[in-house]
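**Q** quick one, fold the following:
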Amino acid sequence: MIADVASSKPAGESRIPVEDRLFSLVLALLATETGLLKSEILSTVRGYAERYDARGGNANLERQFERDKDDIRDLGIPLETVESPDRPGDNQALRYRIPKGEYDLPVDVRFTADELALLGLAAEVWREASLSADSQRALTKLRSLGIEPREPVIGYAPRLRVRDAAFEPLRQALDKRQRVRFHYLKPGEQAPRLRTVEPYAVVLHEGRWHLHGRDVDAAAPRTFLLSRIVGDVKALPGAPFEPPPADVQDRVLADLQALRLANAADLAVSAGSDAEVRLGKRAVQSDDDAGVIRLHYTDEVVFADELASYGPEVRVLAPASLREAVRARLATVAAAHRAGGVA
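**A** As a prediction, this is how the structure comes out:
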């Protein structure tokens, strides 16, 4: 099966489009139960094999693979990393796979021709727009499900922006290993502070984009939430900084996941409310009789904002710090309404 997605591209032929490379990678990882080594992927899968050097010197290719893993996970595809029991901690012995059972559509899900057309349209929305890369990723997702998108069913597609404004300049700086400078508003501070960062990775966690890199002034690694970047991100001139470890994205995601699991909130939600439906989907424990659910969260400030938006539909039982943060937000809203003369 791996050979099916590999290619012996002759020298001088144009480079493989990114969506084709991702599609080939998805097929290869679906075709294996035990998983593939990174070396096996880079040497056999179309889009990597054409530039693979068996003698070594594949650092750029490895970084591209790390970015591709993030893109695949952004599509909602469950890409797994499996550690070798004989060589624990050895990154070169890691195997990658996509469990087919977790990726298949449920057996009772069927699409009509019109629904398939609309799925295709959802990807085409970004055609020729500022986020054309998103369109390519969406088409990859559809094709890997066995769906070949049709032409759009309407004559135009609106231009939508679905990422933080800082995403694209950070991605470009990351590719070129350029330092960046931006203003960052940290929770609890009154004004944003100027940060100079060597960007190592941009990752998606709990639906929010994070930048991980080396804070030059602090001389230490830091992770920043892109939504807290204020103003423009400026790339700084100068020689490229030293590349980070090839598995930096996996490390960052593992750290964020560990932080999420370390934070748990017990919430009382109103029966039949929007809060019960939305938050209930993420609950790790629930007591239906008492109307209490438990959720994990990564960032208390972000989570407090979300909970406050449900108003009286949700009440925080624990921890106390989260409860007070939500109360403070609701008090601010109430005060603003009183000041504006809203009953």
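**Q** how about stretch 234-242: buried residues?
**A** Within stretch 234-242, the residues that count as buried by 16 or more other C-beta atoms under 10 Å are F241. C-beta coordinates here come from the backbone N, C-alpha and C atoms, glycine included.
**Q** in its sheet, what does the top strand by length along the chain sit against?
**A** Looking across the chain with DSSP state E, the single longest strand is strand 193-205. Here strand 193-205 has these sheet partners by DSSP bridges: strand 180-184 (antiparallel), strand 208-215 (antiparallel).
**Q** thought A265 was touching D299?
**A** No - contact criterion C-beta atoms under 8 Å: A265 and D299 do not qualify, at 12.0 Å.
**Q** need the strands paired with strand 193-205 in CSV (columns: mean pLDDT, distance to S39 and mean neighbour count).
**A** CSV is the format used below for the strands paired with strand 193-205 (pLDDT from 0 to 100; distance: least, C-beta to C-beta, whole Å; neighbours: other C-beta atoms under 10 Å):
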stretch, mean pLDDT, distance to S39, mean neighbour count
strand 180-184, 97, 32, 19
strand 208-215, 94, 25, 21
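**Q** now render those as JSON lines, adding distance to E276.
**A** What follows is these, written out as JSON lines (distance: least, C-beta to C-beta, whole Å):
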{"stretch": "strand 180-184", "distance to E276": "35"}
{"stretch": "strand 208-215", "distance to E276": "23"}
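**Q** so which of these comes closest to R21?
**A** R21 lies closest, by C-beta to C-beta, to one member of the strands paired with strand 193-205: strand 208-215, at 22.2 Å.
**Q** centre of the chain versus the closest one, how much separation?
**A** The chain centroid and the centroid of strand 208-215 are separated by 12 Å, computed with C-alpha atoms, centre = their mean, to the nearest Å.
**Q** quick check: next helix or strand after it?
**A** Where DSSP states H and E defines the elements, the next helix or strand beyond strand 208-215 is strand 220-225.
**Q** would you mark the buried spots in that following strand?
**A** Within strand 220-225, the residues that count as buried by 16+ other C-beta under 10 Å are P221, T223, F224, L225.
**Q** looking at the second one now. What's its pLDDT?
**A** Per-residue confidence at T223 stands at 96 (pLDDT).
**Q** then L226?
**A** pLDDT for L226: 94.
**Q** list the buried residues of stretch 83-96.
**A** Here stretch 83-96 shows L94, R95, Y96 as buried, counting by 16+ other C-beta under 10 Å.
**Q** a markdown table please, covering those and showing secondary structure.
**A** Shown next, in a markdown table, are the buried residues of stretch 83-96 (DSSP: H, G, I helix; E, B strand; the rest coil):
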| residue | secondary structure |
| --- | --- |
| L94 | coil |
| R95 | strand |
| Y96 | strand |
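**Q** ok, which stretches of the stretch 101-250 of the chain are helices?
**A** Using DSSP state H, counting those that start in this stretch, the helices assigned to the stretch 101-250 of the chain run over residues 113-124, 132-144, 167-176, 248-262.
**Q** pLDDT of the second one, averaged?
**A** Pointing back at helix 132-144 there. 50.
**Q** what's the answer for the third one, then?
**A** This predicted structure assigns helix 167-176 an average pLDDT of 89.
**Q** make sure I293 is indeed in a strand.
**A** Yes - counting by three-state DSSP, I293 is found in a strand.
**Q** so it versus L174, what's the distance?
**A** Look at I293 and L174: by C-beta to C-beta, to the nearest Å, they are 37 Å apart.
**Q** got it, and S43?
**A** Distance from S43 to L174, by C-beta to C-beta: 25 Å.
**Q** compare those two (neighbour count), which wins?
**A** L174 (20 against 17; other C-beta atoms under 10 Å).
**Q** measure the nearest residue to the more buried one once chain neighbours are set aside to L295 for me?
**A** Of all residues not flanking L174 in the chain, P199 sits nearest, at 4.5 Å (C-beta to C-beta, 6 or more residues apart in numbering). Here P199 is placed at a distance of 30 Å from L295 (C-beta to C-beta).
**Q** on that earlier part again, any chance of CSV for the buried residues of stretch 83-96, columns distance to S39?
**A** Converted to CSV, the buried residues of stretch 83-96 look like this (distance: C-beta to C-beta, whole Å):
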residue, distance to S39
L94, 11
R95, 11
Y96, 11
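**Q** ok, these vs L27, which is closest?
**A** Using C-beta to C-beta, Y96 is the member of the buried residues of stretch 83-96 that sits closest to L27, with 13.1 Å.
**Q** what bridges to the closest residue to E276 other than its chain neighbours?
**A** Once flanking residues are discounted, E276 sits nearest to V269: 4.4 Å by C-beta to C-beta, 6+ apart. When assigned by DSSP bridges, V269 has beta-bridge partners V314.
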